[in-house]
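> output the structure for:
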Amino acid sequence: MLPDATRSALRDRDRDRDPGRGRGLRGRLGRIAALPAGRRAKWLVVLAWIGILFAAAPLAGKVGDVEDNETFNFARGAETSEHHELQKRFSSQKPVPAVVVYTRDGGVTPADRAKADRDSRALAPYAADRQAPAVRPSSDGRALLATVAMPLTEDGFIDKVKSIRDLTHAGAPAGLQVKVTGPAGQTADEVEVFNDLDAKLMLATVAVVTVLLLLTYRSPIIWILPLLSVALASQVANAFIYLLGKHAGMPVDGMGAGILTVLVFGVGTDYALLLIARYREELHEHADRHEAMAAALRRSRGAIVASASTVVAGMLCLLVADINSSRGLGGVGAVGVLCGLAAMITLLPALLVIFGRWIFWPFVPRPGGPAPRGRVWAGVAASISARPRTYWIATAAGLAGLGLIAGTLRIGPSQAEMFRTEPESVAGQRLVAAHYPAGSSAPADVIAAAPAAAPVLEAARSTPGVAAVQEGGRSRDGALVQVSVTLRDAADSAAAERTVERLRAAVHAVDGANAVVGGPTAEALDGSAGASRDRLLVIPLVLLVVLAILILLLRAVTAPVLLLGTIVLSYFAALGAAWLLLKGPLGVDALDNSTPLLGFIFLVALGIDYNIFLMHRVRQEAIASGHRTGVLRGLTTTGGVITSAGLVLAATFSVLMNLPITFMAGLGALVAVGVLLDTFIVRSLLVPALALDAGHRIWWPGRLARPGTPAPAKVPHGGSTAEIR
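This next block holds a predicted model:
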């Protein structure tokens with residue numbers, strides 16, 4: 001009679017290998033999940049996706065209609081968010097300053113002044129009050145400045161800024177520099193950078209994924225099916241995001257919509273690679289391709305669904321963030337991953353079965369034919385088996401060394417550092433700072449109760465670091481007053497942030513004023529504080545959620561804790577390695593405030609994928625053959641496909657590194673480097689070595705941690721039979 005531990009292990013093996021065999025809920029769910037492999041059901045699955053695509057296509061192109069790019073960097077509950085709401089009471093058309101600066105090194109000439117005066121009269125139609133802006137000379141006599149308070153309208157704002165630039169640049173005397181800067185100029189430059197971003201990202205991502213799939217499968221045909229499936233998933237995801245943004249109030253911005261493309265293609269292709277690899281294995285065992293696909297789905301969907309669940313859970317943790325862009329990306333990313341998962345476990349398997357074995361041409365898998373043996377990975381497994389402790393100590397030390405470099409990175413770019421190439425607004429800001437109080441182009445803005453206008457003005461004037469104070473307009477109901485405060489220092493400097501902190505303290509102390517301070521400097525200050533709070537809140541939450549998922553999947557505690565530790569170590573190593581790349585070849589001097597948090601979410605959620613794929617297979621093999629054999633066989637059988645998946649995912653995120661926006665380049669570099677470290681170091685060396693050194697204890701407190709589990713079996717090694725003890 002078999003020992004209790006052995007009988008339990010065999011039951012676990014059967015459940016893991018064929019979860020659809022049960023007669024209860026598990027069995028029914030298993031049979032539903034196997035529908036894409038059905039002889040008739042596969043056609044129904046494809047027809048259903050065609051219907052979904054026809055319904056989604058018109059909605060997918062409307063995502064831009066629900067994007068809010070005006071407040072995406074605001075922090076929920078921050079003073080600048082309150083200021084933004086109060087501004088709506090002043091005018092239906094919010095004024096945004098466009099600052100025109102004229103400079104000549106040797107001093108402005110009468111012809112320069114005449115040019116500025118002509119421009120001033122021509123600029124009157126662009127101002128909210130239809131008045132010609134005053135031309136203000138600098139104290140050094142080398143610059144002139146005119147500020148146009150433009151109404152921020154829904155349509156045509158960017159075109160108006162371009163018209164102002166065309167007007168002021170035209171007819172300038174030789175040697176006179178003319179730049180349009182200020183919040184209006186910066187907004188126009190940002191929109192110009194984001195213009196057609198989604199299309200560019202889509203084309204670049206498709207090109208990268210296509211090349212890598214061709215190299216992975218060495219087939220001129222099969223790559224089309226996963227690419228088609230993930231493209232349809234991307235369209236459906238965009239349609240859902242539009243509906244959720246339109247009718248459910250989900251925050252959506254251009255940054256999240258751009259990253260969505262990369263995310264869906266990256267994770268979708270990963271899941272496709274894993275499914276196709278298992279399907280190809282089963283085709284060597286089954287003469288009927290429908291049976292082969294059914295077996296592939298049963299044996300791979302657990303790891304794929306767990307992986308997707310981890311990514312979705314990580315993304316949803318961002319919903320508690322304060323920064324609007326992070327919160328929006330959480331919902332957008334979760335929708336994208338779910339759509340990618342749905343396509344990969346329904347549409348892709350149905351298409352693979354419909355097209356048959358020949359889709360793998362010229363390397364068509366046949367029953368009884370030679371299956372891929374993974375000779376390279378068998379060699380890696382044998383090497384780790386001989387010296388597991390040496391491997392995990394050496395790799396952990398190397399990752400820790402890279403992690404130390406992360407202590408030198410700088411977070412929080414200046415306005416000039418937000419772009420990798422200098423736009424006109426940044427060049428104009430430099431000219432303003434050289435000849436006027438540096439904050440002239442981006443003043444702080446105070447909104448207070450109208451009866452307290454006089455003491456608020458006095459409090460602002462007496463604040464150290466303030467260059468000038470001017471009362472603006474009143475709200476439509478007359479209850480509020482707006483005060484423009486020019487800072488002595490550049491709006492994106494640390495000194496300006498300290499001035500805003502002093503200004504807030506001064507105006508908050510005015511009785512009955514209920515004053516709030518906004519403007520670009522205040523927004524940057526609140527954004528930095530909000531990002532810091534988000535890191536302290538979201539990162540521990542993500543770790544707890546991921547740990548819970550791993551415990552449920554692996555039915556153990558020790559292994560999930562070790563896996564999570566390796567991913568955290570890998571994250572800090574990725575920060576250090578990415579910083580070397582950014583500071584060197586990419587020329588990026590500072591990471592955006594939100595990059596460390598978003599990078600953590602992506603790397604923990606996506607990086608844990610590969611450990612899930614590995615350890616899920618290790619557990620299956622350990623149940624049948626024992627722990628040591630299970631670890632080595634799991635590494636050997638998953639090595640090639642996980643490496644391919646990691647290369648695809650890293651390559652898709654590396655597309656972001658070519659964009660002219662510091663935030664996108666930084667996030668792309670961090671995720672790409674982190675995924676490569678996870679793929680080639682953490683999953684290939686560190687985790688197997690830890691698992692071997694820990695032995696059965698890694699499965700504590702599950703049944704596999706007990707010594708009565710099945711004994712080791714003989715496994716193929718490099719084409720020969722070798723017993724792994």
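> so what touches stretch 323-332?
Here stretch 323-332 makes contact (Cβ atoms under 8 Å, 6 or more residues apart in numbering) with 68, 71-76, 241, 244, 250-253, 255-257, 259-260, 315-321, 527, 530-531, 534, 538, 593-594, 597-598. C-beta here means a position set from N, CA and C on the backbone, and glycine is covered the same way.
> just the buried ones from the residues you listed?
Buried residues within the contacts of stretch 323-332, defined by neighbour count using 16 or more other Cβ atoms under 10 Å: 71-76, 241, 244, 250-253, 255-257, 259-260, 315-319, 321, 527, 530-531, 534, 538, 593-594, 597-598.
> got the buried residues for stretch 691-702?
Applying 16+ other Cβ under 10 Å to stretch 691-702 flags 691-694, 696, 698-699, 702 as buried.
> show me these that map onto helices.
Among the buried residues of stretch 691-702, the subset assigned to helices under DSSP state H consists of 691-694.
> okay, those in CSV with pLDDT next?
Compiled in CSV, those are given as follows (pLDDT from 0 to 100):
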residue, pLDDT
691, 91
692, 92
693, 91
694, 89
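> what helix or strand is the residue lying closest to residue 148 once chain neighbours are set aside located in?
Of all residues not flanking residue 148 in the chain, residue 98 sits nearest, at 4.5 Å (Cβ to Cβ, 6 or more residues apart in numbering). Assigned by DSSP states H and E, residue 98 belongs to strand 94-103.
> partners of that strand in the sheet?
Sheet pairing here is set by DSSP bridges, and for strand 94-103 it gives strand 143-152 (antiparallel), strand 177-181 (antiparallel).
> quick one: distance of the last one to the chain centre.
The one in question is strand 177-181. Distance of strand 177-181 from the chain centroid (Cα atoms, centre = their mean, to the nearest Å) equals 34 Å.
> what sits up against that strand?
98-104, 161, 164-165, 168-169, 172, 185, 424-429, 431-432, 441.
> now do the same contact list for residue 306.
The neighbourhood of residue 306, defined by Cβ under 8 Å, 6+ apart, consists of 549, 553, 612, 616.
> host element of the third one?
Using DSSP H and E, residue 612 falls within helix 595-625.
> buried residues in that helix?
Judged by neighbour count using 16+ other Cβ under 10 Å, the buried positions of helix 595-625 are 595-625.
> repeat that for stretch 405-423.
For stretch 405-423, by 16+ other Cβ under 10 Å, it's 405-406, 409, 411-420, 423.
> turn the buried residues of stretch 691-702 into CSV, columns for distance to residue 446.
Converted to CSV, the buried residues of stretch 691-702 look like this (distance: Cβ to Cβ, whole Å):
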residue, distance to residue 446
691, 60
692, 64
693, 62
694, 61
696, 66
698, 60
699, 62
702, 62
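> among those, which pair sits farthest apart?
693 and 702 (18.4 Å; Cβ to Cβ).
> residue 265 versus residue 64, what's the distance?
Distance, residue 64 to residue 265, by Cβ to Cβ, to the nearest Å: 20 Å.
> nearest to residue 375 among the buried residues of stretch 691-702?
For those, the residue nearest residue 375 by Cβ to Cβ is residue 692; the value is 20.0 Å.
> surely that closest one is in contact with residue 384?
Yes. Here residue 692 lies in contact with residue 384, judged by Cβ atoms under 8 Å, at a distance of 6.6 Å.
> identify the contacts common to the two.
Jointly contacting residue 692 and residue 384 under the rule Cβ under 8 Å, 6+ apart are residue 632.
> how confident is the prediction for residue 594, by pLDDT?
What the model reports as pLDDT for residue 594 is 86.
> what's the answer for residue 122, then?
We have a pLDDT of 94 for residue 122.
> same check on the one 3 residues further on?
According to the model's per-residue confidence, residue 125 sits at a pLDDT of 92.
> from the buried residues of stretch 691-702, pick the one nearest residue 309.
Proximity of the buried residues of stretch 691-702 to residue 309 (Cβ to Cβ) peaks at residue 702, which lies at 19.8 Å.
> quick check: the gap between that closest one and residue 310.
20 Å.
> residues touching stretch 121-134, excluding its own?
The contact list for stretch 121-134, computed with Cβ under 8 Å, 6+ apart, reads 91, 93, 95, 98, 100, 120, 146-151, 160, 163-164, 167-168.
> ramachandran coordinates for residue 141?
Reported as degrees, to the nearest 10, the phi and psi values for residue 141 are phi 70, psi 10.
> give the helix, strand or coil label for the closest residue to it other than its chain neighbours.
Once flanking residues are discounted, residue 141 sits nearest to residue 107: 4.8 Å by Cβ to Cβ, 6+ apart. Under DSSP: H, G, I helix; E, B strand; the rest coil, residue 107 falls in the coil class.
> just residue 174 next, same as before
Here residue 174 is recorded as coil under three-state DSSP.
> show the pLDDT at it.
At residue 174, pLDDT is 91.
> how close does it sit to residue 659?
36 Å.
> higher neighbour count, these two?
Neighbour count, other Cβ atoms under 10 Å: between residue 174 and residue 659, residue 659 has more, with 20 against 6.
> residues touching the closest residue to the more buried one other than its chain neighbours, list them.
Excluding the flanking residues, the one nearest residue 659 by Cβ to Cβ, 6+ apart is residue 665, at 6.0 Å. Neighbouring residues of residue 665 by Cβ under 8 Å, 6+ apart: 420, 582, 586, 588, 656-659.
> could you say which helix or strand contains residue 665?
Here residue 665 sits within helix 662-677, counting by DSSP H and E.
> so residue 141 touches residue 108, yeah?
Yes. Assessed by Cβ under 8 Å, residue 141 is found in contact with residue 108 at 6.5 Å.
> the two: who's more crowded?
Higher neighbour count among residue 141 and residue 108: residue 108, with 21 against 12, using other Cβ under 10 Å.
> from residue 167, how far off is the more buried one?
19 Å.
> would you mark the buried spots in the lengthiest helix in the chain?
The single longest helix within the chain, with elements called by DSSP H, is helix 520-554. Of all the residues in helix 520-554, those buried under the rule 16+ other Cβ under 10 Å are 520-528, 530-531, 533-535, 538-539, 541-543, 545-547, 549-550, 553-554.
> likewise stretch 456-468?
Within stretch 456-468, the residues that qualify as buried are 456-457, 459-460, 463, 465-468, counting by 16+ other Cβ under 10 Å.
> and for stretch 486-502?
By neighbour count with 16+ other Cβ under 10 Å, stretch 486-502 contains the buried residues 486-493, 496-497, 499-501.
> and that stretch, how far apart are its ends?
14 Å (Cα to Cα, to the nearest Å).
> quick one: the helices in the stretch 451-600 of the chain?
For the stretch 451-600 of the chain, applying DSSP state H, counting those that start in this stretch gives helices covering 453-461, 494-508, 520-554, 558-583, 595-625.
> compile those helices into a markdown table and extend it with columns for distance to residue 38.
Formatted as a markdown table, these follow (distance: least, Cβ to Cβ, whole Å):
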| stretch | distance to residue 38 |
| --- | --- |
| helix 453-461 | 72 |
| helix 494-508 | 62 |
| helix 520-554 | 27 |
| helix 558-583 | 35 |
| helix 595-625 | 25 |
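> for residue 210, find the nearest of the ones you listed.
Comparing the helices of the stretch 451-600 of the chain by their distance to residue 210 (Cβ to Cβ), the top pick is helix 595-625, with 20.8 Å.
> run the chain-centre distance for that closest one.
Computed by Cα atoms, centre = their mean, the chain-centroid distance of helix 595-625 equals 18 Å.
> what's the following helix or strand after it?
Next along from helix 595-625, by DSSP H and E: helix 627-654.
> what's the mean pLDDT across that following helix?
Averaged across helix 627-654, pLDDT comes to 84.
> alright, calling it a day.
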